[in-house]
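Colleague: Fold the following.
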Amino acid sequence: MMPRLFAPFVATIVFCLGYAITVRAYNVAVFPVLDLTKDSNGVNFEITNGLFHGIGSLGVDLVPEKSIISFMARHRIRVLGRLTTQDIRRCREELGTDLILMATLCEYGQGANGVSIGMVLQLVRTADAKVIWSMVRDLTEQDFTHILGISESGGLGDLAERLIGEIVENWPQEIDVTAEEEEAIEFEAARIFPRYVRPGRMVTCSIKPRERSMGEKLPTMRLKVDGGQVLPLEEDKDFPGVFKAMWKAPNQDGRYAVVLVSRWPSGYQERKLIGSYYVDSKPPILELTFKNVILEDIPTFNERLVVIPKMKEPEPTRFWRFSVVSEATNATILDYDGAGQLPKRLYWHARNSDGSAVDDGIYTVTLRVWDRAGNVAVAKKRVRVRRMPPEVEIQLKKKRDDIMMSLIEKKGLPIAFWWVRVSFANGKIVAEDDGDKLPVEIRLAPEKAISGKNLLATITVTDIVGNEFRRRIPNLLDLLPEKKQEEDQKGLIKEWIEEF
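Modeller: The predicted structure follows:
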């Protein structure tokens with residue numbers, strides 16, 4: 001249905017211009033008008049309908065609006081104001097249209113110079129996807145204001161009618177909708193494999209021409225590779241309709257273009273870039289870092305080894321493999337791999353493949369990484385598993401009137417933390433202390449305050465990799481030298497009586 005805004009004006013166009021403009025038989029698809037005054041992808045259906053009826057008044061066949069909207073939905077055309085070459089060709093094939101009219105509203109509404117409207121139009125020939133006519137025009141109220149300040153413009157609707165009138169008036173009288181199509185080959189698919197390759201390895205390029213071209217006589221097709229080598233394309237016996245060529249990658253690292261050279265029976269020669277591939281002979285530079293304690297340049301741990309692989313020049317990887325070997329037995333303890341990008345971290349929980357804990361000792365971790373071309377980088381590092389807890393001697397002695405306790409490290413890794421708490425049987429704390437160095441001497445209490453009483457002691461010592469020494473002593477005062485002598489003497493007397 002024709003909008004009321006444009007109905008009388010279209011009749012005027014027919015009456016005034018119908019005798020002056022003659023057109024050949026062709027049809028036009030008027031696509032929805034892009035309205036940039038709304039947003040970057042706004043649509044103005046009023047102006048679209050005005051153009052539709054204005055162009056239709058010239059006697060031009062028009063593609064129905066519903067068919068255009070359906071076409072856009074079918075091919076997911078969401079951006080107005082432009083079409084790809086492929087979409088233009090589809091429009092010709094599916095809608096049977098000779099021409100496409102696309103328009104963009106740049107101004108529409110109240111502006112600095114009053115009410116204004118501005119539009120850019122392009123008429124595209126579908127035979128060769130070329131713009132054969134274009135127009136840029138803007139109108140404002142000032143264009144129709146007399147010297148006395150009296151405006152002949154009836155507002156925005158009037159300006160829109162006048163602008164569409166100028167478009168119809170300037171519509172090209174002679175349009176050649178048939179274009180001499182250049183001989184060209186089109187493809188359904190083209191593939192270069194592998195895209196990344198080592199020097200001297202084989203590269204394959206496969207091309208499948210479109211079915212429409214298959215029915216016609218195909219040109220002679222050759223590939224230009226490595227900058228100068230020219231190879232014939234031959235049809236694959238196993239895949240009819242697919243043409244391929246194979247060659248050895250050059251020795252020099254770098255990016256190489258693959259160009260299709262087609263020669264038609266008419267003598268016309270066409271060059272088309274198919275793609276490119278990369279020759280790479282250098283493996284990644286790989287190093288291993290660890291989130292563990294380093295002792296004598298060896299990462300040392302008791303439960304979990306955290307490996308952080310790093311590449312000096314990061315690049316995508318194709319495959320990786322991580323393994324652990326015992327230095328004592330030369331047995332492989334762990335071996336697993338993965339495809340794709342190298343993980344940011346790798347872990348080993350100091351266990352065999354069956355889940356059992358490994359023995360303390362030295363192990364070698366190895367990481368191998370393959371890049372996209374198949375170059376392999378290898379990084380190794382010796383690591384130490386240490387689960388033995390610290391050996392700590394606990395001594396008690398009298399010092400003047402106080403009872404003192406000493407913690408002395410006898411054997412093990414450096415100490416990270418220690419903690420001591422001594423309390424009476426009722427839970428009242430006698431002494432509590434902590435620190436990070438051994439040996440240490442701790443004052444418990446005056447001898448008079450604790451003599452003859454049971455003292456409960458809890459002692460924890462942790463080394464730098466997390467191994468713990470824990471001791472709970474029910475009666476701490478039994479460690480005093482005097483107590484030990486008394487206990488030893490009682491033991492001797494009991495032994496003598498039993499023997500007597």
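
Colleague: residue ranges of the helices in the stretch 101-250 of the chain, please?
Modeller: 156-169, 211-214 (DSSP state H, counting those that start in this stretch).

Colleague: right, I mislabeled it, should have said the stretch 401-500 of the chain
Modeller: For the stretch 401-500 of the chain, helices defined by DSSP H, counting those that start in this stretch occupy the ranges 447-450, 481-499.

Colleague: which sections of the stretch 151-300 of the chain are below the confidence cut-off?
Modeller: Filtered on pLDDT under 70, the stretch 151-300 of the chain yields the residue ranges 151-154, 179-185, 211-216, 227.

Colleague: sorry, back to before: which one of the helices of the stretch 101-250 of the chain has the most crowded surroundings?
Modeller: Of the helices of the stretch 101-250 of the chain, the one with the most neighbours on average (mean count of other CB atoms under 10 Å) is helix 156-169, at a mean of 19. C-betas here are computed from N, CA, C, even on glycine.

Colleague: what's near enough to touch the closest residue to L36 other than its chain neighbours?
Modeller: Nearest non-adjacent residue to L36, counting by CB to CB, 6 or more residues apart in numbering: C106, 5.8 Å away. Listed by CB atoms under 8 Å, 6 or more residues apart in numbering, the contact set of C106 reads 36-37, 118-120, 138.

Colleague: which of these tops the neighbour count?
Modeller: M119 (26 neighbours; other CB atoms under 10 Å).

Colleague: my guess is that one meets S134, correct?
Modeller: No. Using CB atoms under 8 Å, M119 makes no contact with S134, being 11.0 Å away.

Colleague: that older thread, rank the helices of the stretch 401-500 of the chain by pLDDT, which is bottom?
Modeller: Comparing mean pLDDT across the helices of the stretch 401-500 of the chain, the weakest is helix 481-499, with a mean of 51.

Colleague: if we can go back for a sec, the contacts of C106 into a markdown table, with extra columns for distance to L367 and pLDDT?
Modeller: Shown next, in a markdown table, are these (distance: CB to CB, whole Å; pLDDT from 0 to 100):
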| residue | distance to L367 | pLDDT |
| --- | --- | --- |
| L36 | 55 | 89 |
| T37 | 59 | 86 |
| G118 | 64 | 87 |
| M119 | 63 | 90 |
| V120 | 59 | 92 |
| D138 | 66 | 84 |
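
Colleague: Please identify which of those residues is nearest to G374.
Modeller: L36 (51.0 Å; CB to CB).

Colleague: backbone phi and psi for the closest one, please?
Modeller: phi -80, psi -10 (degrees, to the nearest 10).

Colleague: I figured it was touching T104, is that so?
Modeller: Yes. Contact criterion CB under 8 Å: L36 and T104 qualify, at 6.4 Å.

Colleague: Including distance to A457, could the helices of the stretch 101-250 of the chain go into TSV?
Modeller: Converted to TSV, the helices of the stretch 101-250 of the chain look like this (distance: least, CB to CB, whole Å):
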stretch	distance to A457
helix 156-169	94
helix 211-214	90
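
Colleague: Relative to T84, which of the ones you listed is closest?
Modeller: Of the helices of the stretch 101-250 of the chain, nearest to T84 by CB to CB is helix 211-214, at 17.8 Å.

Colleague: Much appreciated, bye for now.
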